[in-house]
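Novice: Kindly return the folded structure for what I paste below:
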Amino acid sequence: MQGRLLGLIALGGGLFLLADLWRKVTVTPDRLVAQGRVTRRSVDLSRLVAVGMSLSAKPWVVPRDGQPFYLRMVSDIMGDPDNPMSLGFAEELRERALAAGATLEPEAEGSTSQPPQGASPFFSV
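Specialist: So this is what the prediction gives:
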């Protein structure tokens with residue numbers, strides 16, 4: 001019985017680590033889609049009111065009518081088409097949101113800013 005329990009725990013841990021493979025951010029000309037391990041969030045770029053980069057180099061967004069969230073799957077090491085690098089991601093996302101018709105809050109001084117109230121770095125997408 002104890003061996004079976006340890007096997008189930010190891011299987012659960014392995015599935016959790018494997019779930020990291022489908023985490024990604026996709027930005028189209030009019031939508032932002034963030035796929036986490038378990039949840040998926042999609043928001044029109046025109047509905048964003050703020051985009052920024054935290055001090056820990058994780059981008060965050062604030063939709064007009066929703067909870068702010070971090071985009072933790074954006075890599076800070078290397079990028080590819082499905083998982084872009086965090087360096088320059090927030091600026092690029094701001095430009096795309098403005099092009100889609102969003103009214104964004106003014107950018108904070110410097111390259112990083114404090115995330116908004118309610119954005120949890122641990123329980124975001």
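
Novice: distance of the residue positioned nearest the centre of the chain from residue 13?
Specialist: Note on the chain: the residue nearest the mean C-alpha position is residue 71, at 1.2 Å, using CA atoms, centre = their mean. Here residue 71 is placed at a distance of 25 Å from residue 13 (CB to CB, to the nearest Å). Any C-beta I mention is one placed from the backbone N, CA and C, and that applies to glycine too.

Novice: cool, and residue 72?
Specialist: The value you get for residue 72 to residue 13, if CB to CB is used, is 19 Å.

Novice: What of residue 48?
Specialist: 35 Å.

Novice: Look at these two and report which has more neighbours.
Specialist: Applying other CB atoms under 10 Å to residue 48 and residue 13 shows that residue 48 carries more neighbours, namely 24 against 10.

Novice: need the contact list for the more buried one.
Specialist: Neighbouring residues of residue 48 by CB atoms under 8 Å, 6 or more residues apart in numbering: 32, 61, 62, 63, 64, 93, 97, 102, 104.

Novice: Name the SS class of the first one, please.
Specialist: For residue 32, the reduced secondary structure class is strand; criterion used: DSSP: H, G, I helix; E, B strand; the rest coil.

Novice: what bridges to it?
Specialist: Legend: beta-bridge partners of residue 32 under DSSP bridges are residue 27, residue 43.

Novice: Equivalent analysis for the fourth one, please.
Specialist: The residues listed as beta-bridge partners of residue 63 by DSSP bridges are residue 48.

Novice: my read: it touches residue 43, true?
Specialist: Yes - using CB atoms under 8 Å, residue 63 makes contact with residue 43 at a distance of 4.6 Å.

Novice: Find residues that contact each of these two.
Specialist: Common contact partners of residue 63 and residue 43 (CB under 8 Å, 6+ apart): none.

Novice: quick check: mean pLDDT across stretch 101-113?
Specialist: Summarised as a single mean, pLDDT over stretch 101-113 is 74.

Novice: meant to ask about stretch 14-26
Specialist: Stretch 14-26 comes out at a mean pLDDT of 82.

Novice: Straight-line length of it, end to end?
Specialist: End-to-end distance for stretch 14-26: 25 Å, by CA to CA, to the nearest Å.
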